[in-house]
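1. for reference, the sequence and a predicted model appear below.
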Amino acid sequence: MIEINSLTKTYGVGGKAVHALNGIDLSIGSGMFGLLGPNGAGKTTFMRILAGIVNPSGGSIRVDGHDLTTEAGKQAVKSMLGYLPQELGMYPELTAEQFVDYMAILKGLDDPQKRKQRVAQVLDMVGLRDSAQRKIKGFSGGMKRRVGIAQALVNDPKLLIVDEPTAGLDPEERIRFRNLLVNLAADRVVLLSTHIVEDIGQTCRDVAVLSHGQVLFRGSPAELMKAASGHVWTLTMSGLEKPNHGLTVVSMLHLADGTQYRLVGSEVDEYPAAEEVQPGLEDGYVWLMKSAGQAVEFA
């Protein structure tokens, strides 16, 4: 449904050219697609181009056959699009029902009766039927995100784009939100952009890893994990010394006899007691970034 070729986006900052996207090639079909990467990787720019908010500097992008580099194509795509940005401005004095109704009007749902039915339907879909008459200012962060999804769904989009939807949510709301997205992906394309590796592992069968405006990986979460095979260990050490020698500490567990480290790297010769373990998705992500010279230290 989505075909992207040689997509670039360049900004001028302080008289210098900054390449937010640098030659993206992707083909995305139906279901749940994950876009993973650190903050500043270009994910939000990519999503905003898909949503028709930002114009690309070069390349081509087609959604359901419509060319997003043309005004006609943008309008066609917007009619089939639902978008939840990382920060969605809301009117706190409106109720959930009033806000979603307002967004429905902006999206061209002109028939009052049909619009009322659709607003009630999407609020029910996101679990806010009993809170529809409450003002948004009294909602939790998770409830506000669900209002955001409701407004994105009100025009029954073929393409749903969500940018960092679970950032800052408590564990219960994060699980609820992930399950909601998986259910929505049954009959549409859902693009999930996040820097939270666990969200991708729990929801997506297809993922791309973006860093510095380029695609470092495209495949399944299982393939990303497999790439780290032979490069993940656990090591228990006493005292305050931490392992180094080019190893990335992914996690630490304090035990009675010391600290157990989970490590990702290419060599553990300096630590004979290290035990190789099966990689998880986070390990695969860390190994990918290390292999590209863009490792992130967690501890």
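-> Now that the structure is in, tell me what you want to look at.
2. partner residues bridging the most centrally placed residue in the chain?
-> In the chain, the C-alpha nearest the mean C-alpha coordinate belongs to residue 193, at 1.8 Å (CA atoms, centre = their mean). For residue 193, the beta-bridge assignment (DSSP bridges) gives partners residue 35, residue 163.
3. numbering from 9 from now on, please.
-> In the new numbering, first residue 9, that becomes residue 201.
4. contact partners for it?
-> 42-43, 51-52, 54-55, 169-172 (CB atoms under 8 Å, 6 or more residues apart in numbering). Every C-beta, even on glycine, is put in place using the N, C-alpha and C of the backbone.
5. ok, it to residue 45 distance?
-> According to CB to CB, to the nearest Å, residue 201 stands 8 Å off from residue 45.
6. need the residues touching each of these two.
-> With CB under 8 Å, 6+ apart, residue 201 and residue 45 have common neighbours residue 51.
7. just the strands from the chain, written as ranges.
-> 10-21, 24-36, 39-44, 66-71, 74-75, 89-92, 167-171, 197-202, 214-219, 222-227, 240-245, 256-263, 266-272, 283-284 (DSSP state E).
8. so what strands line up beside the fourth one?
-> Each strand that strand 66-71 pairs with, and the sense of that pairing, follows from DSSP bridges: strand 10-21 (antiparallel), strand 74-75 (antiparallel).
9. quick one: which of those strands is nearest residue 300?
-> strand 10-21 (19.2 Å; CB to CB).
10. sorry, back to before: and the strands paired with strand 66-71 as TSV, adding mean neighbour count, mean pLDDT and distance to residue 265?
-> As requested, those are exported to TSV (neighbours: other CB atoms under 10 Å; pLDDT from 0 to 100; distance: least, CB to CB, whole Å):
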stretch	mean neighbour count	mean pLDDT	distance to residue 265
strand 10-21	16	93	51
strand 74-75	16	94	62
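11. make a markdown table out of those strands and add distance to residue 246.
-> Compiled in a markdown table, those are given as follows (distance: least, CB to CB, whole Å):
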| stretch | distance to residue 246 |
| --- | --- |
| strand 10-21 | 48 |
| strand 74-75 | 62 |
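12. now do the domain split for the chain, please.
-> The chain breaks down by automatic domain parsing into domains covering 10-228, 233-299.
13. any idea how far apart the tips of the last one sit?
-> For domain 233-299, the first and last residues are 14 Å from each other (CA to CA, to the nearest Å).
14. contacts only, for the closest residue to residue 115 other than its chain neighbours.
-> Spatial nearest neighbour of residue 115, chain neighbours left out: residue 163 (4.5 Å); criterion: CB to CB, 6 or more residues apart in numbering. Taking CB under 8 Å, 6+ apart, we find residue 163 in contact with 87, 90, 112, 115-117.
15. most neighbours among these, which one?
-> Neighbour tally across the contacts of residue 163 (other CB atoms under 10 Å): the maximum, 25 neighbours, falls on residue 90.
16. what's the spacing between that one and residue 226?
-> 24 Å.
17. for residue 158, which of the strands paired with strand 66-71 is the nearest?
-> The nearest among the strands paired with strand 66-71, by CB to CB, is strand 10-21 at 23.6 Å.
18. angle of that closest one against strand 24-36?
-> 170 degrees (axes from the mean of the first three to the mean of the last three CA atoms, to 10 degrees).
19. hmm, who's touching strand 10-21?
-> 25-37, 50, 53-54, 57-58, 62, 64-72, 167, 197, 221.
20. if we use 6 Å, what do you get?
-> Applying CB atoms under 6 Å, 6 or more residues apart in numbering, the set of residues contacting strand 10-21 from outside is 25-29, 31-36, 53, 64-71.
21. at which residues are the helices of the stretch 9-158 of the chain located?
-> Using DSSP state H, counting those that start in this stretch, the helices of the stretch 9-158 of the chain run over 51-58, 79-86, 104-114, 120-133, 149-161.
22. out of the ones you listed, which is closest to residue 295?
-> Nearest of the helices of the stretch 9-158 of the chain (CB to CB): helix 51-58, 20.1 Å.
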